[in-house]
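A.B. asks: sequence-free structure coming up:
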């Protein structure tokens, strides 16, 4: 496998929640973790996504956002 730089991103929402996005250890998917901004640690609930699941989630998030904005 080609060597890759570890990239981790954290987004703070306007509801004061943090979402951390990073690759799986095997670089075969994505991990999403959530916490309230004031909390020290991320919640135990993790969401592991492979390519197909990620695309489905993105599509469904867009679809739902379009629906609520109507």
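C.D. replies: That came through, no problem. Note that the structure is predicted; figures quoted are calculated from it, not measured. Numbering: from 1, shown residues only.
A.B. asks: which secondary element of the chain has the worst mean pLDDT?
C.D. replies: Least confident helix or strand, the chain: strand 46-49 with a mean of 82, by mean pLDDT, DSSP states H and E.
A.B. asks: gap between the helix or strand just after that strand and the chain center?
C.D. replies: Where DSSP states H and E defines the elements, the next helix or strand beyond strand 46-49 is helix 51-69. Mean-position distance between helix 51-69 and its chain equals 13 Å (CA atoms, centre = their mean, to the nearest Å).
A.B. asks: by contact count, what packs against the least confident helix or strand of the chain?
C.D. replies: Packing partners of strand 46-49 (3 or more CB pairs under 8 Å, 6 or more residues apart in numbering; DSSP states H and E): strand 30-36. Quick note: C-beta positions are derived from backbone N, CA and C, even for glycine.
A.B. asks: what sits up against the strand it packs on?
C.D. replies: Residues outside strand 30-36 that contact it (CB atoms under 8 Å, 6 or more residues apart in numbering): 16-24, 41-43, 45-49, 54.
A.B. asks: hmm, back to that, give me the buried positions along the least confident helix or strand of the chain.
C.D. replies: residue 49 (16 or more other CB atoms under 10 Å).
A.B. asks: Neighbouring strands - and their directions - for that strand?
C.D. replies: Using DSSP bridges, strand 46-49 pairs in its sheet with strand 30-36 (antiparallel).
A.B. asks: Locate residue 25 within the secondary structure: which element?
C.D. replies: Residue 25 belongs to no helix or strand, assigned by DSSP H and E.
A.B. asks: Find me the pLDDT at it, would you?
C.D. replies: In this model, residue 25 is scored at 88, pLDDT.
A.B. asks: tell me the contacts of it?
C.D. replies: Taking CB under 8 Å, 6+ apart as the definition, residue 25 has no contacts.
A.B. asks: Off-centre distance for the least confident helix or strand of the chain?
C.D. replies: 8 Å.
A.B. asks: which outside residues touch it?
C.D. replies: Taking CB under 8 Å, 6+ apart as the rule, strand 46-49 contacts 24, 29, 30, 31, 32, 33, 57.
A.B. asks: please redo it, this time with the cut-off set to 6 Å
C.D. replies: 29, 30, 31, 32, 33 (CB atoms under 6 Å, 6 or more residues apart in numbering).
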